[in-house]
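>>> Sequence below, structure please.
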Amino acid sequence: MTNTRVMVVGAGIAGPILAIFLKTRGYDPIIYERLPSPGEGGLSLVLQPNGLRVLSLIPGLIEQIPGYSPDRMVHCSSLDGKEDILTEADISPDAAREQFGFPFIAVRRAEFQRFLIDTAEKHGIEIKWGHQAIEYEQSEDAVEVTFANGVKDTASFVVGCDGLHSNTRIALFGKEKADFTGLVQFGGLSPTPPAFPGKFALVNNYGNGRHMVSYPIAEDKYAWAITSRQAEAKEDWKTQHVEQQDEIRRGPLSDWGFGAGDLVRTGQNIIKYGLYDRPELKSWFKGRIVLLGDAAHPTSPHLGQGANQAFEDIYHLMRLLKKYNPSTGQPSTELLSQVFIDYQDLRLPRTSELVRGARQQGEVRVVEGIEACRLRNEKIRIGSRDDAARKAMNDLLSGPFKDSEV
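Numbers count the residues shown, from 1 in each chain. Have a look, this model is predicted:
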């Protein structure tokens, strides 16, 4: 008997991880990706304890992740000529493991993606590059997918992991209008600044009408991103032209305190992109096709939970496949509906709450006017001592399971 064939659309971050889980649990996954090769899009991300808890179910994976763990989290302010530490916390690997079970690991996105692709291929998973899915035709027991290059392929069911601009989502629910939030981010990679040597902190730096987050992705390199209110910018995550990068390096942000200006002045591969809101879906599946990660619940980056929530999606989807289809045999549409209904009923409310929280976090961080900024800073100080907020963060980072059901 042949293993049940599953098509994973998207070879970004979630797709390869899902495929590895499917393969090691007895399915036959294949990944299709619209790009011709692994991309350089995006800058970096922080793998948080809840995401790493899921990745720990793949033996040996965490130990090989190409990244770096910060020692502290610092919230600081550079406002009206005054520099101030608002709050700081120990998030070193030992402290994070003691509190949450797993550390924080910051990674360069492109390097992490290549690592996941290599790992998937070592598990015998085929990845077909340069295949943009454009049409999905469902039958009683399969899905036929047509690609822009004319190729067709068939699988028992399809999981759309194709990210923010998901073709799978459009095929299921139509094209939606994305609304510009008024916030723009730009960021880059920089040598570790003189203000930071030996400290390796994840730093949130607040200014008038702007916020920067920065963290080490290697002993000698930091990733950073600045959010501010600007005219609408494209959502393409592409590196700026040399002249545009030079303009940013020499601009007013180059004088920012707490090492932020050093990062801007020495920035490499600087990208700029607008932040957009999309309508919240009422359902994540139709028939034998289901969405996962950013394809299902695209979020602004202010909580740093995008990839980590995709990993939680993977955990629960695999848990429910095991529950309803323990033999990993060819599932009926009725069986898949039960899996997908339970999956979305659990995950849709949770991720919607986090998407709203991320949007609110961006609004709180980027305020304009000295008095408004002082009020924001005081809220950050008070919030670090708020028991309810700390419990919510602890619950988030301690998920999505205590004892794995996968």
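
>>> contacts and neighbour counts: CA atoms only from here.
OK.

>>> Check which helices and strands the lengthiest strand in the chain is in contact with.
Counting residues, the longest strand in the chain under DSSP state E turns out to be strand 179-191. In this structure, strand 179-191 packs against strand 221-229, helix 260-265, strand 268-277, with contacts taken as 3 or more C-alpha pairs under 8 Å, 6 or more residues apart in numbering; DSSP states H and E.

>>> The same query, at a cut-off of 6 Å, please.
For strand 179-191, the helices and strands in contact under the criterion 3 or more C-alpha pairs under 6 Å, 6 or more residues apart in numbering; DSSP states H and E are strand 221-229, strand 268-277.

>>> what's the angle from that strand to strand 221-229?
Using axes from the mean of the first three to the mean of the last three C-alpha atoms, to 10 degrees, the interaxial angle of strand 179-191 with respect to strand 221-229 works out to 150 degrees.

>>> what's the following helix or strand after the helix or strand Q360 falls within?
Taking DSSP states H and E as the criterion, Q360 maps to helix 333-365. For helix 333-365, the succeeding helix or strand toward the C-terminus, using DSSP H and E, is helix 370-383.

>>> Okay, buried residues for that following helix please.
Buried positions in helix 370-383, judged by neighbour count with 16 or more other C-alpha atoms under 10 Å: 373-374, 376-377, 380-381.

>>> now the angle between strand 179-191 and the lowest-mean-pLDDT helix or strand in the chain, please.
Comparing every helix and strand of the chain by mean pLDDT, DSSP states H and E singles out helix 242-250 as the least confident one, with a mean of 86. Here the directions of helix 242-250 and strand 179-191 differ by 80 degrees (the same axes, to 10 degrees).

>>> Off-centre distance for helix 242-250?
Here the centre of helix 242-250 is set off from its chain's centre by 27 Å, with C-alpha atoms, centre = their mean, to the nearest Å.

>>> ok so, going back, can you work out which other helices and strands pack against the next helix or strand after the longest strand of the chain?
Once the chain leaves strand 179-191, the next helix or strand it forms, by DSSP H and E, is strand 201-207. When contacts are defined as 3+ C-alpha pairs under 6 Å, 6+ apart, strand 201-207 packs onto strand 72-79, strand 210-218.

>>> winner for burial among those?
Burial of these is given as mean neighbour count (mean count of other C-alpha atoms under 10 Å); strand 210-218 ranks first at a mean of 24.

>>> same question for that strand, mean pLDDT?
Here the mean pLDDT over strand 210-218 is 95, rounded to a whole number.

>>> which neighbours does that strand have in its sheet, and in what orientation?
For strand 210-218, the paired strands and their directions (DSSP bridges) read strand 201-207 (antiparallel), strand 221-229 (antiparallel).

>>> quick check: angle from that strand to helix 333-365?
120 degrees.

>>> what comes into contact with strand 210-218?
Defining contact as C-alpha atoms under 6 Å, 6 or more residues apart in numbering, one finds that strand 210-218 is touched by 67-68, 106-107, 202-205, 222-228, 366.

>>> buried subset of those residues?
Using 16+ other C-alpha under 10 Å as the burial test, the contacts of strand 210-218 include 67-68, 106-107, 202-205, 222-228, 366 as buried.

>>> Show me which of those residues is closest to I17.
Taking C-alpha to C-alpha as the measure, V107 is the one of the buried ones among the contacts of strand 210-218 closest to I17, at 15.7 Å.

>>> wait, what's in contact with L45?
For L45, the residues meeting the contact criterion (C-alpha under 6 Å, 6+ apart) are 106-107.
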